[in-house]
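[1] predicted coordinates and the sequence they were generated for:
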Amino acid sequence: MQVNLRHKGSITILDIEGNIIGPDSLALKAIIDQQIQVVANEAEHEEKLNLILNMERVQMMDSSGLGVLVSSHTTIRRDGGNVVLLNLGGNVRSLIVMAKLMTIFDCYNTEAEAIAGIIQT
Amino acid sequence: MGERTEQVITLSLPSSMQHVDLLKVIVSEILKETNFTEDIHEQINLAVIEAGTNATKHGNKEDPGKKTAFQLILAEEKLTIVTEDEGEEFTPKETETEQVVTLSLPSSMQHVYLLDVVVSEILKETDFTEDMQEQINLAVIEAGTNAIKHGNKEDPNKTATIELILAEDKLAIAIRDEGEGFTRREVADPLDPENLLKSSGRGLFLIEAYMDSVTYEANGTIIKMIKYKKTPEP
């Protein structure tokens, strides 16, 4: 798994590439936690973390990967921020559907929609 | 967690020249974790392929009923590789319908990648659909993660063993750990509304969803699962 970090205005985008299996979930959690921390340290600016996880290049994800998405969602929402998923592949989508988590995550098919959506909610 | 300077990975394959590719893939994956130079990687890889070819072709005469066994012992300063065949006697191959591949690994989460590589490589040779291949692969990753993490508690002195039995109509997989075991019905239902947002506990549920048959034996230290090429009638 490789993760590329970029920003669009106040929005943080993580482009994830490769499978999220085995030890990858810990690595992904560390990257997301770091972003949560960066925003927390700038608390005086009243900024909230708005995070887009671009899953376009993720072919396979296991249950610990899904667990990281769920816990990140809970933490970021609790702090008043938001996290949305972009470009879910068929297999990752069916994993989320099976785990009955489709109603929890906001999913988008284009980056523009994701950016518009993350600001509205 | 015990200290250990040697890591032993064992692999047993039916004697088919096709599996020499699998061997190459596994060795490359293991070498990635070492600090041998790329040139040395190449040399080791070539040597293993030669030895594997000899064992398969000359030793076992490509008799799929015979096994070629490999042991890779990774120490601080060297890599030792042992290949073993069942040469001499020759049994006719026509009765053989099942192929058995066995892989045993020290309990490190890093080895989940190796598991993924081995299973996807074996599945490539089958006529399971791509979706099915991915489901099997994920089920093995989940079960392997459970064995390494929850069963063996990532103790490198404990081994996780996976056996893949490839038949005409199905693939049967058994994964064994050296832990204390568990009781399936005591594992919480991840679809229960109060568990829905938990960050873990979905592994067994997914294995059971992806595979056609899943059973737990020896107090939960062995999980056996089957995927049929044609989904059986309910």
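    Structure's in. What do you need?
[2] near chain A, which residues of chain B are found?
    Proximity of chain B to chain A, by C-beta under 8 Å from any C-beta of the partner chain, involves residues B:109-110, B:112-113, B:116, B:131, B:134, B:137-138, B:141-142, B:145, B:190-191, B:196-200, B:202-203, B:205-206, B:209. In this view, the C-beta of every residue, glycine as well, is placed from N, C-alpha and C.
[3] looking at those residues, which are in strands?
    Judged by DSSP state E, strands contain none of the residues of chain B next to chain A.
[4] now list the buried members of these.
    B:109, B:112-113, B:116, B:134, B:137-138, B:141-142, B:145, B:190, B:199-200, B:202-203, B:205-206, B:209 (16 or more other C-beta atoms under 10 Å in any protein chain shown).
[5] next, the buried residues of stretch B:179-187.
    B:179, B:182.
[6] ranges for the helices of chain A?
    Under the criterion DSSP state H, helices of chain A are mapped to A:24-41, A:63-78, A:90-98, A:111-120.
[7] output the below-cut-off pLDDT ranges for the chain.
    In the absence of a named chain, this looks at chain A. For chain A, the stretches with pLDDT under 70 are A:43-45, A:121.
[8] actually, chain B is the one I wanted.
    Looking along chain B with the criterion set at pLDDT under 70, you get B:1-4, B:89-96, B:232-234.
[9] returning to what we had before: compare the helices of chain A and give me the one nearest chain B.
    helix A:63-78 (3.9 Å; C-beta to the nearest C-beta).
[10] which residues sit against that closest one?
    Residues from elsewhere that reach helix A:63-78 (C-beta atoms under 8 Å, 6 or more residues apart in numbering or on different chains): A:20-22, A:24-25, A:28-29, A:32, A:36, A:49, A:51, A:53, A:82-83, A:85, A:95-96, A:99, A:101, A:104-105, B:142, B:145, B:197-200, B:202-203, B:205-206.
[11] stretch B:151-159 now?
    So stretch B:151-159 is contacted by B:1-2, B:4, B:7, B:104-109, B:148, B:160, B:177-181, B:221 (C-beta under 8 Å, 6+ apart).
[12] among the residues of chain B next to chain A, name the ones in helices.
    Reading helices off the residues of chain B next to chain A with DSSP H, I get B:112-113, B:116, B:131, B:134, B:137-138, B:141-142, B:145, B:203, B:205-206, B:209.
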